[in-house]
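*Asks:* Okay, sequence plus prediction incoming.
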Amino acid sequence: MIRSARRYMRKNPTLVELEALIAHAYHRIRAFWLSRLSDEEFAQRSHIRATGKPLNLANPQTFDEKQWWLKVNYRNPIMSQCTDKVAVRGYVESKGLGDLLHPVLGVYSSPKEINWALLPSQFYIKTNNSSATNIRCGELQTFNIKQACRLLKLYLRRNHYALSREWNYRDITPRIMVEPIIETDGEDGLIDYRFFCSYGKCHGIFVDIDTADAAGAHREDARRNVYDTNWKLLDVKVSRPRIQDRVLEKPAMLERMVQVAEILSEPFPFCRVDLYNPTGNKIIFGEITFFHAGGNNIMEPEEYELILGEWVDLSRLVRSGKPEGRVV
């Protein structure tokens, strides 16, 4: 790691690259230390570190407890395909929803394979093996290609499983995907609609705004509201500040989006289906996530930990205290 840092320093990296390098080194050290823990020990340490609260995995009731129970105990091979941002496209097509897929400009195993001259002036780059690895190009003529390549090399080496114990990331072959930027005609910019489902039944929606900055990175000041499937605003704050300076209008295609999320979630005891409705007559698939926020959420008021826990149905897997189904 020291040699790697020195090589980066000789190339005069930007602050963004130095931050990424430091984060990468920290992740490797932390992953090595955490590798000694069992899944159950990892779960408890992770949740206490993030929320200050232990988990009851013997009798999971809250939203986070049920997510961690699934993370530790449940295995469904389809989840790996659906976690891979490239391979999930095949799953969406198999469900008859290929028309919702955003176009792809290219898929690569290495930054060296990218022919930058063939790309449009604006696009998004992301890797398929982790989260928060997006890079936005707002203008190709001024885009720092060398910096992007160095960042992508780090992102391709990221071991998301080691940091989160989300086993569905473990066997993903790292790749780079380039997509066009999603254009929107809404005043609030591109809104993330996150549908929380269990076995094909949608129970609620997280609506996030201001999630990405101009470079494509996650914004620290992103905001979130929580709604039921009828667009009733729920009086709860989940990890992020609520959106209180405006009223978010019900999306034009909400009913269809709920239907899409339920189709895609049908095989799974729990998942989050992310969709976009950038124009009044268009839905775009985002991704499928199986462990929202890694199972570490802070809710205010706390009673919603149990209310949202009802969104996760474990009844088919745990009966009479004995695991059933695809469990380890």
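*Replies:* Arrived safely, thanks for sending.
*Asks:* can you give me the strands for this protein?
*Replies:* Ranges of strands within the chain are 106-108, 123-127, 135-137, 176-179, 192-198, 201-209, 223-227, 237-238, 271-279, 282-289, 299-300, 318-319, 322-323, based on DSSP state E.
*Asks:* So which bits of stretch 296-304 are buried?
*Replies:* By neighbour count on 16 or more other CB atoms under 10 Å, the buried set for stretch 296-304 is 296-299, 304. (Glycine included, C-beta is placed from N, CA and C.)
*Asks:* scratch that, stretch 253-268 is what I was asking about
*Replies:* 253-254, 257-258, 260-262, 264-265, 268.
*Asks:* Against residue 151, how distant is the closest residue to residue 124 other than its chain neighbours?
*Replies:* Spatial nearest neighbour of residue 124, excluding adjacent residues (CB to CB, 6 or more residues apart in numbering): residue 179 at 4.9 Å. Residue 179 is 17 Å from residue 151, where distance means CB to CB, to the nearest Å.
*Asks:* the more surrounded of those two?
*Replies:* residue 151 (24 against 17; other CB atoms under 10 Å).
*Asks:* Wait, that one touches residue 135, no?
*Replies:* Yes: taking CB atoms under 8 Å as the definition, residue 151 is a contact partner of residue 135 at 6.4 Å.
*Asks:* Mind putting the buried residues of stretch 253-268 into a markdown table with pLDDT and distance to residue 47?
*Replies:* Listed next are the buried residues of stretch 253-268 as a markdown table, based on pLDDT from 0 to 100; distance: CB to CB, whole Å:
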| residue | pLDDT | distance to residue 47 |
| --- | --- | --- |
| 253 | 95 | 36 |
| 254 | 97 | 32 |
| 257 | 98 | 31 |
| 258 | 98 | 30 |
| 260 | 98 | 31 |
| 261 | 98 | 26 |
| 262 | 98 | 29 |
| 264 | 98 | 27 |
| 265 | 98 | 24 |
| 268 | 97 | 22 |
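*Asks:* Among the residues you listed, which one lies nearest to residue 44?
*Replies:* Each of the buried residues of stretch 253-268 was scored against residue 44 by CB to CB, and residue 268 proved nearest at 24.4 Å.
*Asks:* on that earlier part again, got the buried residues of stretch 296-304 as JSON lines, with distance to residue 174 and pLDDT columns?
*Replies:* Converted to JSON lines, these look like this (distance: CB to CB, whole Å; pLDDT from 0 to 100):
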{"residue": "296", "distance to residue 174": "24", "pLDDT": "97"}
{"residue": "297", "distance to residue 174": "27", "pLDDT": "98"}
{"residue": "298", "distance to residue 174": "31", "pLDDT": "97"}
{"residue": "299", "distance to residue 174": "33", "pLDDT": "98"}
{"residue": "304", "distance to residue 174": "36", "pLDDT": "98"}
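*Asks:* Export the strands of the chain to TSV and append columns for distance to residue 18.
*Replies:* Rendered in TSV, the data for these read as follows (distance: least, CB to CB, whole Å):
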stretch	distance to residue 18
strand 106-108	25
strand 123-127	20
strand 135-137	16
strand 176-179	22
strand 192-198	29
strand 201-209	28
strand 223-227	29
strand 237-238	32
strand 271-279	30
strand 282-289	29
strand 299-300	35
strand 318-319	46
strand 322-323	46
